[in-house]
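Undergrad: requesting a structural model of the entry that follows:
(4 chains, ligands or ions: 4)
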There are 2 protein chains.
Amino acid sequence: MAEALEAAERLCARRGARLTEIRRRVLELVWRSHQPVGAYTILERLGRERGRVAPPTVYRALDFLIAHGLVHRIASLNAYIGCAHPDRDHIGQFLVCSGCGSAAELDDRRIDRAIRSGAEAAGFAVERPVIELAGRCPNCRERGRDART
Amino acid sequence: MAEALEAAERLCARRGARLTEIRRRVLELVWRSHQPVGAYTILERLGRERGRVAPPTVYRALDFLIAHGLVHRIASLNAYIGCAHPDRDHIGQFLVCSGCGSAAELDDRRIDRAIRSGAEAAGFAVERPVIELAGRCPNCRERGRDART
DNA sequence: CCATGCAATGTTATAGTGTAACATCCGCGA
DNA sequence: TCGCGGATGTTACACTATAACATTGCATGG
Ligand SMILES: [Zn+2]
Ligand SMILES: [Zn+2]
Ligand SMILES: [Zn+2]
Ligand SMILES: [Zn+2]
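TA: Residues are numbered from 1 along each chain as shown, chains lettered A, B, ... in the order given. Ligands and ions are numbered 1, 2, ... in the order given. The predicted structure is shown next:
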């Protein structure tokens, strides 16, 4: 996580983007959670440090982080997660565990190729794929733990 | 669309599920829209016919329709769309056009295989994939029309 | 130094999406 | 008839996100 922060610093410096205090703090909070985290959870945690914080503050920071690929949004959860490889220009593919709530990022070229060629066969040009695979992570799978869903 | 309604009737009859007046009406409204449609849009349209209708009425109908595969939810749009092949046991893969707002369902085995094998390689068992590909449909692509995004 | 312009943030209010909880109705079988 | 379970009605609320406008703060050229 510390390295994620450093990577973010470097990346922003290189691009001339300003990783301000708030943006940096939001990024930290996203990383600190080991699961995808909701905007209002961030809001609340940020509020503990800085007194009252309003939703736009958090959403603007998230917008910035997402625009720079430092954070991904997981639409099926309305939640946000840090990206471990913001340098690579990539789309996210997510493995979302319904047992423990964790999410891992996958970056499988074959999946990317399959969706692009499948879509192309239908005459469709993919721009922003949303790939979010709900299921069971290795841990939860092994332990046959009760689902949270 | 009429045939979608009939298919729904048959499917529910076969399963002993009750396609009640409201559920049927919601299904019609979903199909009548040629784009993915939001729950509150359905709510409003349903309200025109039946006087005041509250959100749970619509959400319950949608839950039923989704459970029986008659309707899919598109998470990245918070919207719902009718399924043309409710018989086939399938997951949905969607091509969502950011130009005209339309959405087409794709059912590409190769995509399904690619995601399952990719996830499996990470020890992850996929249960409910969410595949929503935002991009340009053939029409909008050709006409270089202005994006809505 | 000051003007001034632009990006970032603060602030208030509101829009949009979805559910909990409990009441009521209605058809069907014991 | 009585009771039961599924469907619907009703109210209230939780959660997610954005619009609109005010303010701050910093860089940059005059
Ligand atoms: Zn990533
Ligand atoms: Zn798990
Ligand atoms: Zn379908
Ligand atoms: Zn289009």
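Undergrad: I'd say residue A:136 and residue A:95 touch.
TA: No. If you go by CB atoms under 8 Å, residue A:136 and residue A:95 don't touch, sitting 9.3 Å apart. Backbone N, C-alpha and C define where each C-beta goes, glycine included.
Undergrad: hey, what's in contact with both of those two?
TA: residue B:124 (CB atoms under 8 Å, 6 or more residues apart in numbering or on different chains).
Undergrad: any part of the longest strand anywhere in chain A near chain B?
TA: Ranked by number of residues, the top strand in chain A under DSSP state E is strand A:125-136. Yes. Between strand A:125-136 and chain B, judged by CB under 8 Å from any CB of the partner chain, the touching residues are A:125-136.
Undergrad: please apply the same query to stretch A:92-107.
TA: Yes. Using CB under 8 Å from any CB, we find that stretch A:92-107 touches chain B at A:93, A:95, A:97-98, A:104, A:106.
Undergrad: strands of chain A, residue ranges please.
TA: A:71-74, A:79-82, A:93-97, A:103-106, A:125-136.
Undergrad: could you say what helices and strands the first one packs with?
TA: It refers to strand A:71-74. If you count contacts as 3 or more CB pairs under 8 Å, 6 or more residues apart in numbering or on different chains; DSSP states H and E, strand A:71-74 packs onto helix A:55-67, strand A:79-82, strand A:93-97.
Undergrad: any chance of those in TSV, plus distance to DNA strand C and mean pLDDT?
TA: Shown next, in TSV, are the helices and strands packed on strand A:71-74 (distance: least, CB to the nearest atom of the strand, whole Å; pLDDT from 0 to 100):
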stretch	distance to DNA strand C	mean pLDDT
helix A:55-67	4	98
strand A:79-82	13	98
strand A:93-97	16	98
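Undergrad: so which of those is nearest ligand 3?
TA: Ligand 3 lies closest, by CB to the ion, to one member of the helices and strands packed on strand A:71-74: strand A:93-97, at 20.8 Å.
Undergrad: residues in contact with that closest one?
TA: A:36, A:72, A:74, A:76-77, A:81, A:102-108, A:111-112, A:129, A:131-137, A:139-140, B:115, B:118-119, B:122, B:124, B:126.
Undergrad: try 6 Å this time
TA: Strand A:93-97 is contacted from outside by A:74, A:103-106, A:111, A:131-134, A:137, A:140, B:119, B:124, using CB atoms under 6 Å, 6 or more residues apart in numbering or on different chains.
Undergrad: need the max-distance pair from the residues of strand A:125-136 next to chain B.
TA: A:125 and A:136 (33.4 Å; CB to CB).
Undergrad: those two: which has the busier surroundings?
TA: Legend: neighbour count by other CB atoms under 10 Å in any protein chain shown for residue A:125 and residue A:136, higher for residue A:136 (23 against 16).
Undergrad: how close does the more buried one sit to ligand 2?
TA: The gap separating residue A:136 from ligand 2 is 6 Å, by CB to the ion, to the nearest Å.
Undergrad: and residue A:116, by the same measure?
TA: Residue A:116 is 29 Å from ligand 2, by CB to the ion.
Undergrad: do the same with residue A:17
TA: The value you get for residue A:17 to ligand 2, if CB to the ion is used, is 34 Å.
Undergrad: repeat that for residue A:4.
TA: 22 Å.
Undergrad: for chain A, give me the ranges with low pLDDT.
TA: A:144-149 (pLDDT under 70).
Undergrad: residue of it closest to ligand 4, please.
TA: residue A:124 (9.0 Å).
Undergrad: ok, now which ones touch that residue?
TA: Here residue A:124 is in contact with B:95, B:135, B:137 (CB under 6 Å, 6+ apart).
Undergrad: hang on, the earlier thing: output the contacts of strand A:93-97 as CSV; include the columns distance to DNA strand D.
TA: Listed next are the contacts of strand A:93-97 as CSV, based on distance: CB to the nearest atom of the strand, whole Å:
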residue, distance to DNA strand D
A:74, 9
A:103, 14
A:104, 20
A:105, 18
A:106, 22
A:111, 24
A:131, 17
A:132, 13
A:133, 19
A:134, 16
A:137, 21
A:140, 21
B:119, 24
B:124, 23
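Undergrad: can you name the residues of chain A that neighbour chain B?
TA: Applying CB under 6 Å from any CB of the partner chain, one finds that chain A approaches chain B through A:75-76, A:95, A:108, A:110-111, A:114-115, A:118-119, A:123-138, A:141.
Undergrad: grab the nearest non-local neighbour of residue A:90.
TA: Spatial nearest neighbour of residue A:90, chain neighbours left out: residue A:107 (5.6 Å); criterion: CB to CB, 6 or more residues apart in numbering or on different chains.
Undergrad: what sits opposite residue A:95 in the beta ladder?
TA: residue A:104, residue A:133 (DSSP bridges).
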